[in-house]
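Participant: here you go, sequence then predicted model.
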There are 2 protein chains.
Amino acid sequence: MIKRLLILLPVLTLALQEGLAQRPPAIQSPEVHTDHSITFRYYSRVAQTVTVKGEFANTSFSLVKDTSGIWSVRVPPVQPDIYPYSFVVDNVELADPNNTYIFANERFKRSIVDIPGDTPLVHVLQQVPHGQVSYRYYHSTTLGVTRTLLVYTPPGFAAGTGKKYPVLYLIHGGSDTEETWTKVGRANFIADNLIAQRSATPMIIVMPYGNVRPRPMADFTKDVVNDIIPFIESNYPVLQDSKHRAVAGFSVGGGQTLNIGLTNTDKFAWIASYAPYTATEEFQKNFSNWTPDANVLNQQLKLFTISVGTEDFLYEPVKKNIAFFTEKKVRVKPYIVAGGHTWMNCKQFLRTTLQEIFK
Amino acid sequence: MIKRLLILLPVLTLALQEGLAQRPPAIQSPEVHTDHSITFRYYSRVAQTVTVKGEFANTSFSLVKDTSGIWSVRVPPVQPDIYPYSFVVDNVELADPNNTYIFANERFKRSIVDIPGDTPLVHVLQQVPHGQVSYRYYHSTTLGVTRTLLVYTPPGFAAGTGKKYPVLYLIHGGSDTEETWTKVGRANFIADNLIAQRSATPMIIVMPYGNVRPRPMADFTKDVVNDIIPFIESNYPVLQDSKHRAVAGFSVGGGQTLNIGLTNTDKFAWIASYAPYTATEEFQKNFSNWTPDANVLNQQLKLFTISVGTEDFLYEPVKKNIAFFTEKKVRVKPYIVAGGHTWMNCKQFLRTTLQEIFK
């Protein structure tokens, strides 16, 4: 019997080899070095050119092929952070086949690379108590479909203990998905770390899917107010007044945040809009004739902040948004940082918001 | 003020256009038609050839370019199911840029397309009560790292009610990730639907990350027994005896399932191995000298099943595995179906298992 089983080994190995014959060799990419340089690798025996471009640098880098068909390049040290990148192989842009981590998005497939800092960055999984992220399914009466949303519950969260939590509703950018805030934004680890440092109040973070076409503002606002909030409040032990509800979002989600928050100040006392995209007819419709009672609004809102990076392609329009609200005497707190329309900045914006809300 | 804001619109639109200038147009791909045919689309003005290949057919299909640079092909009706596919653009294989749904895997990036049946398939999100899938983080003392695992809790699950649940530990294939059983295998929807039909017992399903190198059998078995089971049993209201623990897995995970289950029959009374890959030295080491007391084993095990498809490249070795256990007088239930080493078959195998265990 021993003999019989041992005879199997070459048969099985052969079968696996046949089955996997069309697969390229296992290679490591990206490989992040301790000096913060990164080696990217790609396998192809037929490609003519391979380059890598990522948000860690303004230029592309050319990979060089070795005799086994493995292309590679070592990119000089970069600032520790998480960056999207992609390969361009003979004019075709694609995600790194050997990297599990994909930017959750509807319009492109890019990989992400995480360069750890010499001291742990706020978005990194650290040895602290961890919350959890749950995929939930709610029926949207507004949209007539069942949709997914993600719910972060903080460390130590347990239903049925009597403890109630405040809730942040956190919205992704225009072609992102309900997973982008965790997969790329690492919202859960940022929250874990800030809660462990006692810099943030333990809270629930709800990450819905914001893409509603053709009316991302009006219909998604209804979905949040009429479907998502009731779903959360009937399924989680949460505090149900405006002082314990916040809304934040990035890009198209930043525009949605302004719409959701400012047209529902009875429901949200905390509004954080990140690099909002507001060039929509719906935004015009809601705000061009907007005549708020600034005194009332400023009393209702505990925080109204608009963030943007100075190299963001929306920097000028966002500055005009801020001027618009200021001119209306609405108290808005600008948060202007370096950087562009990126998820590196999103993480920074969220870190700031989590330390400001529910205080 | 109205005038001022309206003037902003063209400015904002221009800014967005500049910022997004490098992005291709929004196109729909895949588009699944009611007759189960599928249109695939890809945008490129420079590509010479574009084909699509998927597990829905044995051949590739060539896409044809229109004057706007959009390539497309309509693939004839296919059997309703979820299939992996990819594009090949001038010899470069890549995921569909416009499809959000990616096959969770470490070695390749493929997209998945879901062709609904005329009556809902068992893996489809239906109008039934939904469980939830939670991303949890546990510290593995075996491996010295914090790792992610996914936990499905059934509809109506609530801690603190006194109700306790059985647990299925469900392991992915060799280059898959902890997400593959939900993202590709739809384990949560299969469970939701079978529980709603009362065909499955409400249970918790734990989906760990099985890739442990270089010893996927020995070290992952330790991780499951010494770290994962204690983590689950200290965080969830679960029944803690072998009759309420099951282990199942696919491919390399099917081999791990045999190792975990058969070397821990005091802990698992239900073992379901799907197309196991057993051509490893570790498997040889554990089983070449294996002299089980078949009577005792057959009493301990409520179910020991091995599944495989007749076109699986492991079909012959898996048949030999079954013969090996049968010769040892260990009662093994073969489940032989059509099809290959695929996640279409995995869903079928899981559907069968969920209806057999904890009864």
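Facilitator: Great, that's in hand.

Participant: now do stretch A:276-289: distance to the chain's middle.
Facilitator: 24 Å (C-alpha atoms, centre = their mean, to the nearest Å).

Participant: buried residues of it, list them for me.
Facilitator: A:Pro276, A:Tyr277, A:Thr278, A:Ala279, A:Thr280, A:Glu282, A:Phe283, A:Gln284, A:Asn286, A:Phe287, A:Ser288 (16 or more other C-beta atoms under 10 Å in any protein chain shown). Using the backbone N, CA and C atoms, a C-beta is placed for each residue, glycine as well.

Participant: so which of the residues you listed reach chain B?
Facilitator: Subset of those in contact with chain B: A:Tyr277, A:Thr278, A:Ala279, A:Gln284, A:Phe287, A:Ser288, counting by C-beta under 8 Å from any C-beta of the partner chain.

Participant: so what does the fourth one look like in phi/psi?
Facilitator: Phi and psi for A:Gln284, reported as degrees, to the nearest 10, are phi -60, psi -50.

Participant: and it, how far from A:Thr278?
Facilitator: A:Gln284 sits 8 Å away from A:Thr278, taking C-beta to C-beta, to the nearest Å as the criterion.

Participant: what does the fifth one give?
Facilitator: Applying C-beta to C-beta, the value for A:Phe287 to A:Thr278 is 8 Å.

Participant: skip the chain neighbours and tell me the closest residue to A:Tyr43.
Facilitator: Leaving aside its sequence neighbours, A:Tyr43 sits nearest to A:Pro24 (C-beta to C-beta, 6 or more residues apart in numbering or on different chains; 4.2 Å).

Participant: you'd agree the one you found is up against A:Trp71?
Facilitator: No - between A:Pro24 and A:Trp71 there is no contact under C-beta atoms under 8 Å: 11.3 Å.

Participant: which residues do the two both contact?
Facilitator: Counting by C-beta atoms under 8 Å, 6 or more residues apart in numbering or on different chains, the residues touching both A:Pro24 and A:Trp71 are A:Tyr43, A:Ser44.

Participant: more neighbours: which of the two?
Facilitator: A:Trp71 (23 against 17; other C-beta atoms under 10 Å in any protein chain shown).

Participant: tell me if I am right that the more buried one is in a strand.
Facilitator: Yes - counting by DSSP: H, G, I helix; E, B strand; the rest coil, A:Trp71 falls inside a strand.

Participant: tell me the bridge partners for it.
Facilitator: A:Tyr42, A:Lys65 (DSSP bridges).

Participant: so it sits against A:Leu63, correct?
Facilitator: Yes - if you go by C-beta under 8 Å, A:Trp71 and A:Leu63 touch, sitting 3.8 Å apart.

Participant: what residues are shared contacts of the two?
Facilitator: Jointly contacting A:Trp71 and A:Leu63 under the rule C-beta under 8 Å, 6+ apart are A:Arg41, A:Tyr42, A:Val50.

Participant: can you put those residues in TSV and add neighbour count?
Facilitator: As requested, those are exported to TSV (neighbours: other C-beta atoms under 10 Å in any protein chain shown):
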residue	neighbour count
A:Arg41	22
A:Tyr42	25
A:Val50	23
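
Participant: out of those residues, flag the one nearest to A:Pro120.
Facilitator: The closest of these to A:Pro120 turns out to be A:Arg41 (C-beta to C-beta; 26.4 Å).

Participant: so the closest one is in contact with A:Ile27, correct?
Facilitator: Yes - look at A:Arg41 against A:Ile27 with C-beta under 8 Å: they come within range, at 4.8 Å.

Participant: need the residues touching each of those two.
Facilitator: Residues touching both A:Arg41 and A:Ile27 by C-beta under 8 Å, 6+ apart: A:Ile70, A:Asn98.

Participant: can you map out the helices along chain A?
Facilitator: In chain A, the segments counted as helices under DSSP state H are A:2-19, A:180-183, A:187-196, A:218-222, A:229-235, A:252-262, A:281-287, A:294-300, A:315-327, A:343-356.

Participant: can you show me the CA trace of stretch A:221-231 as CSV?
Facilitator: The C-alpha trace of stretch A:221-231 is given here as CSV (Å, rounded to 0.1, in the frame of the first residue of the first chain):
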residue,chain,number,x,y,z
THR,A,221,-29.8,61.1,-1.3
LYS,A,222,-33.2,59.4,-1.1
ASP,A,223,-31.6,56.0,-0.9
VAL,A,224,-29.5,57.1,2.1
VAL,A,225,-32.3,58.8,3.9
ASN,A,226,-35.2,56.5,3.2
ASP,A,227,-33.4,53.1,2.9
ILE,A,228,-29.9,53.0,4.3
ILE,A,229,-30.4,54.9,7.5
PRO,A,230,-33.5,52.9,8.5
PHE,A,231,-31.7,49.6,7.6
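
Participant: ok, back up a step: so which of the buried residues of stretch A:276-289 comes closest to chain B?
Facilitator: The shortest approach to chain B among the buried residues of stretch A:276-289 belongs to A:Ala279, at 3.0 Å (C-beta to the nearest C-beta).

Participant: okay if I get the buried residues of stretch A:276-289 as CSV plus pLDDT?
Facilitator: Compiled in CSV, these are given as follows (pLDDT from 0 to 100):
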residue, pLDDT
A:Pro276, 98
A:Tyr277, 96
A:Thr278, 94
A:Ala279, 92
A:Thr280, 87
A:Glu282, 84
A:Phe283, 87
A:Gln284, 87
A:Asn286, 87
A:Phe287, 90
A:Ser288, 86
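
Participant: leaving out sequence neighbours, find the closest residue to A:Leu354.
Facilitator: A:Ala200 (4.3 Å).

Participant: so where's chain A uncertain?
Facilitator: Applying pLDDT under 70 to chain A flags the ranges A:1-23.
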